[in-house]
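Enquirer: turn this into a structure:
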Amino acid sequence: MQNRGALWVFTILLGLACLWQMSFSFFTSRVEKKARTEAAYQADSVLSVPGQEGQDRDALLISFENKYLRDHSEERIYPVLGYTYRECKEKEINLGLDLKGGMAVTLEVSIPELIENLADNSDNAQFRQALAAARERMRSSDADFITLFADEWKRLGADQRMAAVFHSPDRARIFPREASNEEIVDALREEAKTAINNTEKILRTRIDKFGVAQPMIQKQQFSGRIQIELPGVKDKERVRKVLQSTANLEFWETVDADEVFPVLERANQQLSLALHPELASMDTAAATTTDTTAVEEKPAADTTATAETAVDSLNDETAADTTDAVTERKKNPLFSVLGAVQGGPRSGFGPAVAIASLGDTAEVNRMMAHPAFKSALPSDVRLLWSAKASLRPTRDGSERYFLDMYAMRVPRGGKPKLDGSSIIDAAQDFDIKGDVEVRMQMNPEGAQIWKVMTADNVGRPVAIVLDELVYSAPTVIGEIPNGNSSITLGGGDLNKQIQEAEDLANILKAGALPAPARIIDETIVGPSLGADNINKGMFSFAISLLGVLVYMALYYAGAGLIANVVLVVNLFILIGSLASIQAALTLPGIAGIVLTMGMAVDANVLIFERVREELRNGRVLKSAVDLGFKGALSAIIDSNVTTFLTAVILYLFGSGPIRGFATTLGIGILTSMFTAIFLSRMIITARLEKGKDLRFWNGWSKDLMAHINVDWMSRRRVFYLFSAVLLGICIFSMVTRGFNLGVDFSGGRTYVVQFKGDVEVEQVRSALEGSFISEEGVRSTVNVKTYGGARSLKVTTNYLVDEQGVESDARVEEKLNGGLSGLGVAYEISESRKVDPTISDDIKTSAIWAVLLALVFMFAYIAVRFNNWQFGVGALLALTHDALFVLGLYSLLNGIVPFSLEIDEAFIAAILTVIGYSVNDTVVVFDRIREYLGEHKRDSNIVVFNKAINATFGRTINTGVTTLLVLLVMFLLGGVSIKGFLFGLFMGILVGTYSSIFVASAIVVDLLRKRSTTSAPAVAATA
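Expert: Residues are numbered from 1 along each chain as shown. Model (predicted):
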């Protein structure tokens, strides 16, 4: 072997580099151990204080641990070299959320709302119709929104110029008046691209202030979506608010209630006529009677109506369900859910113009969107809700939450005089009453506008609005010349208020998002589940490794021990390589390492089986080793290239944990090829040059599977029939039973609930079906099944799946907890996942393309590599056979086996891995067939194929046994979340081993008609 010295030097340097990368984890783990100890002490100290016993200990531990790590982030912890903790964390291997716990979200910038903003919310009819039609098409189209919008605009009127809508003095450079429609569309694309890039930067700044150790923020290359992982985070509501807040801060002058009341009264009458035209025939006086809900200010001598009176009258209007009450609600649809105020601050509402029960705000919003309401509302008035609901007593002694409504004075141009772009600093503080507030400082230009604005509104309220919600509307006492302002937060828990104020200050300092960003995919993993996954993953890994090492040593004797050393070095280099690129190690990633370990043995098995053949043919040991490595090289390269292509496709089309699996598998293939081809040969050669003996078998394994002499190909029609029956059952099940689509493909929410006691699945399903009911009385789909044990259930629902925003998430969780609490059994939600229908369609499309591309690549590679299209077709049909079998198995056994068989991203990863493994097996057989076709030209195809299959049978069985052994250990001892994934791999590799011999080879025999088949069907085990 040439250049052995250089290869030894390279191997040693590579090992040292991997050791260097892995050393950072050693030093960071020591600091994190101290952080956990300190956090436990501080949490116990807090809980020991009277009145604090009810706090969540896990939340306190995470908070104190993160604080300790932030405080020590610049502490030098690496001896001699002096790296800080922060620098070491940046260089170590990361743990994924499924191993550490935390929250992962995918955000999508709302391009439709960006376009609306760029058009200054134009009322142009063609613009509005094109926008609405594009939104509708986006539900089922793969095209981007701007393309759909341009198509709809052209359909509605190609001769109409977009510049008439988008051109304005402020955006004259971006959208010139004379620009063509194509130029406007190009400008919109550029603005969308800029918006996505700016959103990523702003979110990165917000998260940096959030106090999360080792966050991951990544913009997806093709979709423009932004993936964020926040390890250790538990407060999901806080994360949602920080990430989705556009931070659109505005300062508005307000309109008095006396001016707004007639507007609302007129809107109420117009809504009544529009919604209930049958009332038009009634007496005019009765139809226009002023609603008793309105709170009118009496003459000075009378008692002024109070806020409590308005609340009571509003409740009275909606309480009864008599015929008279129903008629009254039809006459006054708006005032039946909205209490209008007349009388200004003396009414008890302050600057508010109306009030509504928290549960009625959605109905009020629907009415405000009605054309009848819009026509009654002046163009210079804008109505907004308060940010905080207030708890107010009602006449029956109970308390309910209500929201105030405010009226903004809209200046010419439609924009407020002052917005958040003027804010240069913000910080949490306390006002003179001790309430939590956010103090803001403006730049000189903003300070001047604020000075004039406050001077013009002395004695009147000015509303401070954030993201379309009024946070405060203080009355201006006098001119404010220094550019200072503040937002006062509502009541509640003081610590929560301070945290909210700090988040708000950081959001304002980071800047407003150019367009709303909404969460379309969300995964939450509890810390206890993460720890459990680590323990099970590492334990199954250790047992799998031990099993493979024992098997190789028993079967291949001394050569097996060398293979074991090479395998351990391979794992060392693999983990070091993952650390060097800061890859996140996930539970599927650990499965990828274990699978790589099983497949890495294959290269050594190929070599050793070749060496054993040469030894049986009478070669001396050194010559047999040389010929063994040389003969196995092409099969090793071909089989690993095809599997590597699978890993690349998985990485390109997968996301999150699936990418972690693909990364591990791809790097593992490269390290396996290096260690098997070079390192194992260098060790064997070094031993032989020293005159030492090396055995490739033990007594019992010497001739095991060495003299197989079976006429496989003459029985191919039996195999065809067996496969046809098998696939027939699978296809029948797919057509009749269908699949259990996970939320990845169907959209929705899924929760893993751990109960402290025994529960019945039907009992839980019944409780949740009664809880997940829409406002229209429609029951949502609820699927409940066991998840790894009788006390662990997986709940999936499509309740409110089409609604967006933090509020819908909170409502779903409220309904979930309401249903589960009624069972009377303590529980914990250990994991949750939310997938928006929009991204679920994208995931389905990506999955289909991934599988199709994998099949096409395999066909093309084999057809070219073997210089024969028949080999490509044989491999393609065998791979399709394997994929259909696994699909059918998931359909047939769904609901029967005690683990999840959902069709999700992990399943697609399993299908692609099976394709990669199956083609690996097939290529090894085809490689020997290609070799024998050249050496045995006088034999028929059947004879040659039988010889090749018999010669490689030992390798096929040994590789299959080691890989299946690894998967079986992982399946039995690994985490429940990947049992379905491992089951698919196990069954797929089992059928892949079968198809590589009995399907792929048989099909190629029938396709190769040019060679004579008249020769005697003699068979032989070896060449």
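
Enquirer: give me the number of residues near Phe755?
Expert: 18 (other CB atoms under 10 Å). C-beta coordinates here come from the backbone N, C-alpha and C atoms, glycine included.

Enquirer: so what's it bridging to?
Expert: As for beta bridges, Phe755 partners with Tyr827 under DSSP bridges.

Enquirer: tell me what the lengthiest strand in the chain is packed against?
Expert: Criterion DSSP state E: the longest strand present in the chain is strand 399-409. Applying 3 or more CB pairs under 8 Å, 6 or more residues apart in numbering; DSSP states H and E, one finds that strand 399-409 makes contact with strand 249-254, helix 257-275, helix 307-319, strand 354-357, strand 381-386, strand 390-393, strand 462-466.

Enquirer: these into JSON lines, with extra columns for mean neighbour count, distance to Arg57 and mean pLDDT?
Expert: Shown next, in JSON lines, are the helices and strands packed on strand 399-409 (neighbours: other CB atoms under 10 Å; distance: least, CB to CB, whole Å; pLDDT from 0 to 100):
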{"stretch": "strand 249-254", "mean neighbour count": "22", "distance to Arg57": "36", "mean pLDDT": "87"}
{"stretch": "helix 257-275", "mean neighbour count": "19", "distance to Arg57": "48", "mean pLDDT": "88"}
{"stretch": "helix 307-319", "mean neighbour count": "18", "distance to Arg57": "39", "mean pLDDT": "48"}
{"stretch": "strand 354-357", "mean neighbour count": "24", "distance to Arg57": "36", "mean pLDDT": "88"}
{"stretch": "strand 381-386", "mean neighbour count": "18", "distance to Arg57": "34", "mean pLDDT": "91"}
{"stretch": "strand 390-393", "mean neighbour count": "14", "distance to Arg57": "28", "mean pLDDT": "76"}
{"stretch": "strand 462-466", "mean neighbour count": "23", "distance to Arg57": "33", "mean pLDDT": "85"}
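
Enquirer: what's the closest of those to Leu727?
Expert: helix 257-275 (57.6 Å; CB to CB).

Enquirer: next, the angle from that closest one to strand 249-254.
Expert: 100 degrees (axes from the mean of the first three to the mean of the last three CA atoms, to 10 degrees).

Enquirer: dump the helices and strands packed on strand 399-409 to a markdown table, plus distance to Gly960.
Expert: Shown next, in a markdown table, are the helices and strands packed on strand 399-409 (distance: least, CB to CB, whole Å):
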| stretch | distance to Gly960 |
| --- | --- |
| strand 249-254 | 63 |
| helix 257-275 | 70 |
| helix 307-319 | 70 |
| strand 354-357 | 66 |
| strand 381-386 | 64 |
| strand 390-393 | 66 |
| strand 462-466 | 61 |
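
Enquirer: the longest strand of the chain - which strands sit beside it in the sheet, and in what orientation?
Expert: Partners of strand 399-409 in its sheet, by DSSP bridges: strand 249-254 (antiparallel), strand 354-357 (antiparallel), strand 381-386 (antiparallel), strand 390-393 (antiparallel).

Enquirer: how much space between the residue nearest to Val255 when sequence neighbours are not counted and Val260?
Expert: Once flanking residues are discounted, Val255 sits nearest to Ala407: 3.9 Å by CB to CB, 6 or more residues apart in numbering. Ala407 is 5 Å from Val260, where distance means CB to CB, to the nearest Å.

Enquirer: Phe26 now?
Expert: 67 Å.

Enquirer: and if you look at Lys33?
Expert: 61 Å.

Enquirer: may I see the buried residues of stretch 29-48?
Expert: Buried residues in stretch 29-48, counted by 16 or more other CB atoms under 10 Å: 31-32, 35, 38-39, 42-43.

Enquirer: give me the subset of those residues lying in helices.
Expert: Judged by DSSP state H, helices contain the following of the buried residues of stretch 29-48: 31-32, 35, 38-39, 42-43.

Enquirer: what's opposite the most centrally placed residue in the chain in the beta bridge?
Expert: In the chain, the residue lying closest to the centroid (CA atoms, centre = their mean) is Asp521, at 4.5 Å. Assessed by DSSP bridges, Asp521 has beta-bridge partners Thr106, Val835.

Enquirer: still on that earlier bit, got JSON lines for the buried residues of stretch 29-48, with pLDDT too?
Expert: Output for the buried residues of stretch 29-48, formatted as JSON lines (pLDDT from 0 to 100):
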{"residue": "Val31", "pLDDT": "88"}
{"residue": "Glu32", "pLDDT": "84"}
{"residue": "Ala35", "pLDDT": "88"}
{"residue": "Glu38", "pLDDT": "89"}
{"residue": "Ala39", "pLDDT": "86"}
{"residue": "Gln42", "pLDDT": "87"}
{"residue": "Ala43", "pLDDT": "84"}
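
Enquirer: what are the ranges of the helices in the stretch 401-550 of the chain?
Expert: 444-456, 494-510, 527-580 (DSSP state H, counting those that start in this stretch).

Enquirer: just to revisit the earlier point, buried set for the longest strand of the chain?
Expert: For strand 399-409, by 16+ other CB under 10 Å, it's 400, 402-409.

Enquirer: same question, stretch 715-734
Expert: In stretch 715-734, counting by 16+ other CB under 10 Å, buried: 716, 719, 723, 726-727, 730, 733-734.

Enquirer: so which of the residues you listed sit within strands?
Expert: Counting by DSSP E, the buried residues of stretch 715-734 contribute nothing to strands.

Enquirer: got the strands paired with strand 399-409 as TSV, with distance to Pro112 columns?
Expert: Below are those laid out as TSV (distance: least, CB to CB, whole Å):
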stretch	distance to Pro112
strand 249-254	21
strand 354-357	28
strand 381-386	21
strand 390-393	33
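
Enquirer: state the distance from Gly888 to Pro333.
Expert: Distance from Gly888 to Pro333, by CB to CB: 55 Å.

Enquirer: now swap in Pro112 and tell me
Expert: With CB to CB as the criterion, Pro112 and Pro333 are 29 Å apart.

Enquirer: do the same with Ser379
Expert: 23 Å.

Enquirer: that older thread, out of Gly888 and Pro333, which sits in the more crowded spot?
Expert: Pro333 (25 against 20).

Enquirer: before we move on, what SS does that one have?
Expert: coil (DSSP: H, G, I helix; E, B strand; the rest coil).

Enquirer: also Ile908?
Expert: Ile908 is classified as helix under three-state DSSP.

Enquirer: low pLDDT regions in the stretch 201-350 of the chain?
Expert: Applying pLDDT under 70 to the stretch 201-350 of the chain flags the ranges 208-214, 220-224, 232, 234-235, 247, 279-325, 342-350.
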